[in-house]
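> Sequence first, predicted model second:
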Amino acid sequence: METIKKINIGIKHIATLTGHSGCVYAMDKGTSEHTVFTAGSDMFIALWNLETLQAEKFSASLPAAVYAICHIPEKKLLLAGTTTGSVHILDLEKKEEIKMLQHHTAPIFDIKYSLETNCFYTAGGDGNFAVCSLDTLSLIKMKKLSKEKVRSIDFNYTTSEIAVALGDCNILVFDLHTLDYKKDFIGHGLASNVVRYSPDGKFLLTGGRDAHLNIWQVGNYDLLKSIPAHNWAIYDIVFSPDATLFATASRDKTIKIWDAKTFQLLKRITKENFDTHTHSVNKLIWSTYNNYLVSVGDDRLVMVREVNSF
């Protein structure tokens with residue numbers, strides 16, 4: 001019988017970055033390995049340097065609060081989805097907005113892009129899922145998926161699938177290239193908030209308003225494990241750069257670190273043992289730079305921690 005050794009985790013608080021004047025809802029990788037973009041209710045996008053632990057000389061002002069951002073480095077574009085349903089496309093070289101799309105009538109909760117399909121995808125609070133061309137930056141297709149919100153999008157390039165989390169509790173799976181329907185299942189007892197495929201494409205991890213972390217087997221999407229992971233809604237799931245760990249962020253103000261092989265809880269980042277958020281934790285990025293785990297929340301803060309396993 002194989003003996004599975006428990007991974008030990010060391011966490012070091014590196015910095016708490018201040019500058020946003022409202023809740024921070026969105027984050028994506030920046031223009032280099034050691035930068036991240038953040039945005040939120042103050043209608044500003046900021047760029048942070050994880051090396052100097054300072055804000056870069058970059059800011060973009062939007063006409064409404066921002067719930068989702070998507071950096072497309074290959075095109076030097078930054079997409080921002082607002083609470084009014086608009087998607088603003090910023091050219092990072094020209095340092096200006098080059099287009100605004102208004103396909104949704106309610107907030108944009110997620111934006112993802114795929115070079116394989118040459119498209120970007122938006123999830124709307126109006127229940128619509130939109131597909132746009134990366135070349136023309138125009139709408140290709142709109143699908144009405146639910147009477148509730150479309151919350152989260154993720155790709156599985158191993159199986160050429162796209163998973164979508166819905167506010168009506170369901171998870172939908174489509175063919176990445178044709179958008180043909182493949183599977184739907186009830187993801188959570190309350191709204192499904194986030195979908196995240198494991199880097200090897202074998203599992204789909206989902207987080208819900210029911211505070212459960214659910215693990216699904218890709219293919220038949222059988223439920224392998226349902227873990228009461230948090231005390232309140234789970235808002236994000238991210239894998240470590242080496243794919244051995246993943247982290248969950250919750251409205252309960254905590255972050256938890258998990259073993260990606262055994263799905264065992266390894267570490268709780270709470271106010272009892274660390275400098276942490278005083279309000280909901282909304283988004284995570286696990287950077288390749290120094291293995292930094294970056295989090296943002298309703299407390300307006302950007303927190304940087306170094307995570308080491310041994």
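Perfect, I can see it now. Numbering: from 1, shown residues only.

> what packs against the helix or strand bottoming out on mean pLDDT in the chain?
Ranked by mean pLDDT, DSSP states H and E, the weakest helix or strand in the chain is strand 54-61, scoring a mean of 94. Under the contact definition 3 or more C-beta pairs under 8 Å, 6 or more residues apart in numbering; DSSP states H and E, strand 54-61 sits against strand 44-49. Bear in mind the C-beta positions are built from the backbone N, C-alpha and C, glycine included.

> picking up where we left off before, now the helix or strand following the least confident helix or strand of the chain against strand 44-49, angle please.
Using DSSP states H and E, the helix or strand that follows strand 54-61 in sequence is strand 66-72. Taking axes from the mean of the first three to the mean of the last three C-alpha atoms, to 10 degrees, one finds strand 66-72 and strand 44-49 inclined to each other by 50 degrees.

> Enumerate the positions of stretch 180-190 that are buried.
Lys182, Phe185, Gly187, His188 (16 or more other C-beta atoms under 10 Å).

> Quick check: buried residues in the least confident helix or strand of the chain?
By neighbour count, and taking 16+ other C-beta under 10 Å as the criterion, the buried residues in strand 54-61 are Ala55, Phe58, Ala60.

> Any idea how many residues pack against the closest residue in space to Met142 that isn't next to it in sequence?
If the residues on either side of it in the chain are set aside, Met142 comes closest to Ala130, at 5.0 Å by C-beta to C-beta, 6 or more residues apart in numbering. For Ala130, the number of neighbouring residues by other C-beta atoms under 10 Å comes to 23.

> bridging residues for Ala130?
Beta-bridge partners recorded for Ala130 (DSSP bridges): Thr122, Met142.

> give me every residue that touches Trp180.
Small correction: residue 180 is Asp, not Trp. Taking C-beta atoms under 8 Å, 6 or more residues apart in numbering, we find Asp180 in contact with Phe174.

> Put the alpha carbons of stretch 255-269 into CSV.
These are the backbone C-alpha positions of stretch 255-269, laid out as CSV (Å, rounded to 0.1, in the frame of the first residue of the first chain):
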residue,chain,number,x,y,z
ILE,A,255,-8.1,31.4,3.0
LYS,A,256,-7.4,27.6,3.2
ILE,A,257,-4.5,25.6,1.6
TRP,A,258,-5.2,22.1,0.4
ASP,A,259,-3.2,19.1,-0.9
ALA,A,260,-4.1,18.8,-4.6
LYS,A,261,-3.6,15.0,-4.6
THR,A,262,-5.4,14.0,-1.4
PHE,A,263,-7.7,17.0,-1.1
GLN,A,264,-6.6,17.2,2.5
LEU,A,265,-6.8,20.5,4.4
LEU,A,266,-3.2,21.6,5.2
LYS,A,267,-3.4,25.2,6.5
ARG,A,268,-6.0,27.8,7.6
ILE,A,269,-5.1,31.4,7.1
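
> Which positions within it qualify as buried?
Ile255, Lys256, Ile257, Trp258, Asp259, Ala260, Phe263, Leu266, Lys267, Ile269.

> center of the chain - which residue?
Nearest to the mean C-alpha position of the chain, by C-alpha atoms, centre = their mean, lies Asp236 at 5.5 Å.

> Please name the spatially closest residue to it (chain neighbours excluded).
Nearest in space to Asp236, with sequence neighbours left out and distances taken as C-beta to C-beta, 6+ apart, is Ala249 at 4.3 Å.

> One more: Gly125?
Distance criterion C-beta to C-beta, 6+ apart; nearest residue to Gly125, sequence neighbours excluded, is Ala106 at 3.3 Å.

> Ends of stretch 228-247, what's the gap?
Distances were taken as C-alpha to C-alpha, to the nearest Å; on that basis the terminal residues of stretch 228-247 are 14 Å apart.

> pLDDT on that stretch, on average?
Averaged across stretch 228-247, the pLDDT comes to 98.

> Please spell out which residues along it are buried.
In stretch 228-247, residues buried by neighbour count (16+ other C-beta under 10 Å) are 229-230, 233-240, 245-247.
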